[in-house]
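Asker: Sequence and predicted structure below; questions after.
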Amino acid sequence: MNAVIEVDGVTRRYRSTTALDAVSVRFEKDVIHGLLGRNGAGKTTLMSMITAQEWPSSGDVRVFGQHPHENEQVLPRICFVREEQQYIDDARASHAFAAAAMAFPRWDQEFAEQLAADFKVPEKTRIKKMSRGQRSAVGVIIGLASRAEVTFFDEPYMGLDAVARQLFYDRLLADYAEHPRTIVLSSHLIDEIAHLIEHVVLLDEGRVVLDEPVEQLRDRAVTLVGRADAVGELTAGRTVLQHEAMGRTARTTVLGGLDDGERRRAGELDLDLLPVSLQQLVVHLTSKTEQHEQHEQHERHEQRERSA
């Protein structure tokens, strides 16, 4: 394992709010990571810590083995593209690309120009006058053409329509294959980026609730489709993530994989076994965390009532 980013026990507090709570995580070299979680989970705060745009209240952050804050040996090797990227008032796309060329040693101007044509970014329009989709395109072009060794995309592609997002995904995969680097994608469109990512870090309420390879994660659940009674036989006693009934047919997603004996029985019952979407798992895990927090709050409330 070759981690280029090491976060150890990082906590970030804003007055009465704790955005990150003792977070420890590693991001490996030349891997596309998915940084997932609901709004307010702490994703942007974590990326801001790593890219030296904020300081942790406690804990340690290292990139390429060094502290990134005010470190000229580290920062030019990192690109952080936000959803609402800020540009100089009168800047056009060409100005933003010229600034990026000076900031990132591995900048590819020819690639940037090709991407600008692909995304139909206007040459003469000021960025602040562009549509949201055009501004998003400028951001993703910088993120791709920078070819920075570590690149963060904090949902800058959310302003793109479905066709433009697919173009982004295609260009990202193609360029990553030729020029591997560490990429971190933060997104709410979990199923849409599931085919891109190799490793998942899931944050919920400032804590890491999941940190593992995607393939390993997929083994955590299974969907069974077939006769309702047959599905019921194999899912009895399991945690059900989702259930749909269509006449005599059922489609049920349960937590936990099937062992060899259960798979043989599924074949005998003529059941189809389907992989579970990453989004289903993420929703279950974050809901589970929320239920646990509610249970703890209830326990604390009851304890106070008994003590009163």
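Answerer: Noted; the coordinates are in hand.
Asker: What segments of the stretch 1-150 of the chain are strands?
Answerer: Ranges of strands in the stretch 1-150 of the chain, per DSSP state E, counting those that start in this stretch, are 3-14, 17-28, 32-36, 58-63, 78-82, 150-154.
Asker: got a list of contacts for the first one?
Answerer: Among residues not part of strand 3-14, those counted as contacts by CB atoms under 8 Å, 6 or more residues apart in numbering are 18-29, 42, 45-46, 49-50, 54, 56-65, 149-150, 182, 206. All C-beta atoms are positioned from the backbone trio N, CA, C, and that covers glycine.
Asker: out of these, which are buried?
Answerer: Among these, the ones that count as buried by 16 or more other CB atoms under 10 Å are 18-21, 23, 25-27, 42, 45-46, 49-50, 54, 56, 59, 61-64, 149-150, 182, 206.
Asker: picking that back up, residue 220: which of the strands of the stretch 1-150 of the chain is closest?
Answerer: strand 32-36 (14.5 Å; CB to CB).
Asker: Could you export the strands of the stretch 1-150 of the chain as a markdown table, including mean pLDDT and distance to residue 279?
Answerer: Formatted as a markdown table, the strands of the stretch 1-150 of the chain follow (pLDDT from 0 to 100; distance: least, CB to CB, whole Å):
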| stretch | mean pLDDT | distance to residue 279 |
| --- | --- | --- |
| strand 3-14 | 96 | 25 |
| strand 17-28 | 95 | 21 |
| strand 32-36 | 95 | 9 |
| strand 58-63 | 96 | 29 |
| strand 78-82 | 94 | 23 |
| strand 150-154 | 96 | 18 |
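Asker: Mind putting those into CSV with distance to residue 227?
Answerer: Formatted as CSV, the strands of the stretch 1-150 of the chain follow (distance: least, CB to CB, whole Å):
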stretch, distance to residue 227
strand 3-14, 48
strand 17-28, 43
strand 32-36, 35
strand 58-63, 53
strand 78-82, 49
strand 150-154, 44
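Asker: check contacts around residue 39.
Answerer: Taking CB under 8 Å, 6+ apart, one finds residue 188 in contact with residue 39.
Asker: Under the pLDDT cut-off, which ranges of the protein? List them.
Answerer: Applying pLDDT under 70 to the chain flags the ranges 1, 288-308.
Asker: How is it divided into domains?
Answerer: Per automatic domain parsing, the domain ranges recorded for the chain read 3-212, 221-275.
Asker: Pick the most buried one from these.
Answerer: The highest average neighbour count among the domains of the chain, using mean count of other CB atoms under 10 Å, belongs to domain 3-212 at a mean of 18.
Asker: re earlier: do you know which of the strands of the stretch 1-150 of the chain lies nearest residue 282?
Answerer: That would be strand 32-36 among those, by CB to CB, at 5.7 Å.
Asker: all helices of this protein, in order?
Answerer: Secondary structure of the chain by DSSP state H: the helices cover 43-50, 93-103, 109-118, 132-145, 162-178, 190-193, 214-218, 228-235, 260-268, 278-307.
Asker: now the fourth one against helix 93-103, angle please.
Answerer: In other words, helix 132-145. Going by axes from the mean of the first three to the mean of the last three CA atoms, to 10 degrees, helix 132-145 is angled at 30 degrees with respect to helix 93-103.
Asker: Show me what helix 132-145 is in contact with.
Answerer: With contacts defined as CB under 8 Å, 6+ apart, helix 132-145 is touched by 79, 81-83, 85, 87, 93, 96-97, 100, 107-109, 111-112, 115-116, 119-122, 125, 127, 130, 151-153, 156-161, 164, 168, 171-172, 175.
Asker: Also the shortest one?
Answerer: Contacts of helix 190-193 with the rest of the structure, by CB under 8 Å, 6+ apart, involve 34, 36, 165, 169, 185, 187, 277-279, 282.
Asker: Thanks again, I'm all set now.
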